[in-house]
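Student: Sequence and predicted structure, then a few things I'm wondering about:
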Amino acid sequence: KGLVFSGIQPTGIPHLGNYLGALESWVALQDEYSTVMYSIVDLHSITQPQDPQVLRDNIMDMAASLLACGIDPTRSILFQQSQVSEHAELSWILGCLTSMPRLRHLPQWKMKSKQKNEGSVGLYTYPVLQAADILLYKSTHVPVGEDQIQHLELAQDLARIFNNQYGEIFPEPRALLSGTRKVKSLRDPSSKMSKSDPQRFSAVFLNDTPDDIALKIRRAVTDFTSEVTYEPDTRPGVSNLVSMHAAVSGQTVEGVIRLAEGMDTGQYKNMVAEAIIKKLQPIRLEIQRLRADQGYLESLLAQGAEKARSLAAPVMKEVRKLVGFY
Ligand code: ATP
Ligand code: MG
């Protein structure tokens with residue numbers, strides 16, 4: 001019972017962090033909830049400059065990637081956010097209930113406005129749109145990675161604020177956190193692995209070849225201690241390898257550490273690469289296969305948008321009435 005909603009930006013092929021922090025649990029949730037919605041959030045992606053043709057391709061890549069991971073269009077509503085205009089409409093209303101200081105310390109803004117040393121109004125209000133995405137369907141459960149917790153808290157606050165001001169309509173959406181901790185960048189283990197990170201070697205992507213993966217893991221930043229241990233605070237680099245290894249091979253961190261006993265980090269990297277390759281190989285081949293059938297992907301997204309609109313319309317009608325828009 002309940003409605004699950006989550007989104008992913010079409011900013012490139014998903015990486016291992018997206019997979020372990022989000023997509024793997026998205027697949028499992030299809031068996032547990034009556035309505036499950038996954039959105040390719042293209043409105044969010046234009047908070048950073050995008051080339052229109054590249055964006056089109058990225059949307060198709062994302063649709064293929066989600067299907068390849070196991071999202072099943074007969075059990076989930078898979079759709080493109082921009083095709084349901086109610087997202088933008090509700091976002092405006094919620095933005096009018098949000099103070100400027102509330103947004104200033106949220107992680108997406110802090111990270112991405114600093115990267116470019118500037119930031120648009122859209123990037124600043126990104127979490128408001130995210131709240132609208134969630135509330136528009138009266139979602140009850142939101143699977144997210146650890147990097148999104150503070151954004152979800154805003155959605156919870158806005159549900160409460162709207163309910164108090166205009167009338168009880170939104171349930172409080174609850175976070176479903178995956179068991180995997182935030183996956184870190186392979187180049188800089190103090191920051192998270194990110195699709196839009198311009199450094200090519202910072203992330204393992206779902207369509208990387210075995211050679212790509214081996215090379216990226218070999219080059220992953222570790223420290224000057226050769227022993228393999230799990231100490232995320234003092235040894236973030238090697239600990240990131242350990243936690244990725246445990247997650248892709250379905251083992252505990254302790255189990256993985258035991259396997260690595262007597263190895264130095266160089267030898268251990270081969271073992272980690274092998275495990276990741278084994279997990280991602282079938283997904284890569286399936287992405288390739290689906291990507292060759294653009295017509296199928298397009299018709300699937302059209303059907304998804306149709307279903308999403310039919311759920312959004314009655315909620316938005318209720319909202320408009322409560323706000324006084326007759
Ligand atoms: P971008 O750089 O464009 O923001 P991203 O890699 O941060 O891309 P998003 O589309 O913002 O990916 O997020 C999709 C989902 O993946 C979210 O649920 C988010 O919590 C999760 N996620 C993103 N990065 C990580 C990570 N490094 N570790 C675990 N989960 C992650
Ligand atoms: Mg992100």
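Tutor: Nice, I can see it. Ligands and ions are numbered 1, 2, ... in the order given.
Student: Get me the contact residues on the stretch 1-150 of the chain for ligand 1.
Tutor: Taking CB under 6 Å from any ligand atom as the test, the list of the stretch 1-150 of the chain residues beside ligand 1 reads 8, 9, 11, 17, 18, 21, 22, 144, 145, 147, 148. C-beta here means a position set from N, CA and C on the backbone, and glycine is covered the same way.
Student: Report the secondary structure state of residue 223.
Tutor: Remark: residue 223 carries the secondary structure label coil [criterion: DSSP: H, G, I helix; E, B strand; the rest coil].
Student: Quick check, it in contact with residue 240.
Tutor: No - Residue 223 is beyond contact range of residue 240, at 11.4 Å (criterion: CB atoms under 8 Å).
Student: These two: which is more packed in?
Tutor: The residue with more neighbours, out of residue 223 and residue 240, is residue 240; 25 against 12, by other CB atoms under 10 Å.
Student: Isn't residue 163 up against residue 157?
Tutor: No - the pair formed by residue 163 and residue 157 falls short of the contact definition of CB under 8 Å, at 10.8 Å.
Student: number of nearby residues for residue 5?
Tutor: Applying other CB under 10 Å, we find 24 residues neighbouring residue 5.
Student: residues touching it, list them.
Tutor: With contact set as CB atoms under 8 Å, 6 or more residues apart in numbering, residue 5 has these partners: 37, 38, 39, 133, 134, 137, 139, 141, 142, 173.
Student: who wins for most neighbours among those residues?
Tutor: Neighbour count (other CB under 10 Å) singles out residue 134 as the most crowded of the contacts of residue 5, with 30 neighbours.
Student: Can you tell me which helices and strands the host helix or strand of it packs against?
Tutor: Mapping residue 134 onto the secondary structure by DSSP states H and E places it in helix 126-135. Based on contacts counted as 3 or more CB pairs under 8 Å, 6 or more residues apart in numbering; DSSP states H and E, the elements that helix 126-135 packs against are strand 3-8, helix 42-45, helix 86-95, helix 107-116, helix 149-166.
Student: then stretch 137-149 to CSV, C-alphas only?
Tutor: Below are the C-alpha coordinates for stretch 137-149, written out as CSV (Å, rounded to 0.1, in the frame of the first residue of the first chain):
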residue,chain,number,x,y,z
TYR,A,137,0.9,12.6,-6.6
LYS,A,138,0.3,12.6,-2.8
SER,A,139,3.3,10.3,-2.6
THR,A,140,3.8,8.5,0.7
HIS,A,141,7.2,7.0,0.2
VAL,A,142,10.3,8.5,-1.5
PRO,A,143,13.3,6.3,-2.2
VAL,A,144,16.4,8.5,-2.2
GLY,A,145,20.1,8.4,-1.7
GLU,A,146,21.8,9.9,1.3
ASP,A,147,22.6,13.1,-0.7
GLN,A,148,18.9,13.9,-0.9
ILE,A,149,17.7,13.7,2.7
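Student: hmm, who's touching it?
Tutor: The set of residues that contact stretch 137-149 without belonging to it, under CB under 8 Å, 6+ apart, is 2-6, 17-18, 21-22, 25-26, 29, 33, 35, 37, 107, 134, 151-152, 155, 169-171, 173-178, 181-182, 192, 308, 311-312, 315.
Student: now, which of the residues you listed lie within strands?
Tutor: Secondary structure assignment (DSSP state E) places 3, 4, 5, 6, 35, 37, 174, 175, 176, 177 from the contacts of stretch 137-149 within strands.
Student: now these in JSON lines, with pLDDT?
Tutor: Below are the ones in strands among the contacts of stretch 137-149 laid out as JSON lines (pLDDT from 0 to 100):
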{"residue": "3", "pLDDT": "97"}
{"residue": "4", "pLDDT": "98"}
{"residue": "5", "pLDDT": "98"}
{"residue": "6", "pLDDT": "98"}
{"residue": "35", "pLDDT": "97"}
{"residue": "37", "pLDDT": "98"}
{"residue": "174", "pLDDT": "96"}
{"residue": "175", "pLDDT": "94"}
{"residue": "176", "pLDDT": "94"}
{"residue": "177", "pLDDT": "89"}
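Student: what would those look like in JSON lines with distance to residue 246?
Tutor: Below are these laid out as JSON lines (distance: CB to CB, whole Å):
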{"residue": "3", "distance to residue 246": "31"}
{"residue": "4", "distance to residue 246": "26"}
{"residue": "5", "distance to residue 246": "28"}
{"residue": "6", "distance to residue 246": "23"}
{"residue": "35", "distance to residue 246": "32"}
{"residue": "37", "distance to residue 246": "30"}
{"residue": "174", "distance to residue 246": "26"}
{"residue": "175", "distance to residue 246": "22"}
{"residue": "176", "distance to residue 246": "20"}
{"residue": "177", "distance to residue 246": "17"}
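Student: follow-up on the earlier one: let me have the residues of the stretch 1-150 of the chain next to ligand 1 in CSV, adding pLDDT, neighbour count and distance to residue 251 as columns.
Tutor: Supplementary listing: those in CSV, determined by pLDDT from 0 to 100; neighbours: other CB atoms under 10 Å; distance: CB to CB, whole Å:
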residue, pLDDT, neighbour count, distance to residue 251
8, 98, 20, 26
9, 97, 24, 30
11, 95, 22, 31
17, 96, 26, 19
18, 96, 26, 21
21, 92, 27, 18
22, 93, 23, 21
144, 89, 20, 24
145, 84, 22, 21
147, 85, 18, 24
148, 90, 24, 26
